[in-house]
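Chemist: Need a 3D model of the sequence below.
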Amino acid sequence: MYAFSAQLTLRAGINPASWTFFSLLATGTVRDHLSLGASWKSAADGEWRVTYTHACTDTANGKGSIPAPFGGGEANIHLKEDILAVAYTFSL
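Modeler: Next up is the predicted model:
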């Protein structure tokens, strides 16, 4: 996070992760993603936020990836994602 000015804040991040079984439950298999964002205070009580996230294409091949209590077996899955979010927040 970098406070460019009193009104503008810039953000960037990376998240490496790997959980094959939980990816099945959450319908996501990406291990790494990069995020960029910014927020702009437009009024005393308001703020605009923009965020872009790119999740790199990944395939999860899991030996014994589905635990026996959940039926057992193998899961080979892949996914990539691009997410753009725009929001306005304010205080009441």
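Chemist: now the strands for this protein?
Modeler: 2-3, 8-16, 32-41, 46-62, 75-90 (DSSP state E).
Chemist: per-residue pLDDT, S18?
Modeler: Here, the pLDDT recorded for S18 equals 53.
Chemist: Likewise for R49?
Modeler: The per-residue pLDDT of R49 was computed as 95.
Chemist: hang on, isn't it packed against S39?
Modeler: Yes - at 4.6 Å, R49 counts as touching S39 under the criterion of Cβ atoms under 8 Å. Where you see a C-beta, it was placed from the backbone N, CA and C, and this is true even at glycine.
Chemist: Compare the two and say which one has the larger neighbour count.
Modeler: S39 (19 against 15; other Cβ atoms under 10 Å).
Chemist: give the contact list for the more buried one.
Modeler: Contacts here follow Cβ atoms under 8 Å, 6 or more residues apart in numbering; on that basis S39 touches 8-9, 11, 47-50.
Chemist: Find the nearest non-adjacent residue to T57, please.
Modeler: In space, and not counting its chain neighbours, T57 is closest to K80: 3.8 Å by Cβ to Cβ, 6 or more residues apart in numbering.
Chemist: which stretches of the chain have low pLDDT?
Modeler: Within the chain, the stretches with pLDDT under 70 are 16-31, 60.
Chemist: about what we covered before: switch the strands of the chain over to CSV; also include distance to A68.
Modeler: As requested, the strands of the chain are exported to CSV (distance: least, Cβ to Cβ, whole Å):
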stretch, distance to A68
strand 2-3, 48
strand 8-16, 28
strand 32-41, 29
strand 46-62, 14
strand 75-90, 14
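Chemist: I figured D58 hits H78, correct?
Modeler: Yes - taking contacts as Cβ under 8 Å, D58 lies within contact range of H78: 6.4 Å.
Chemist: Okay then, goodbye and thanks.
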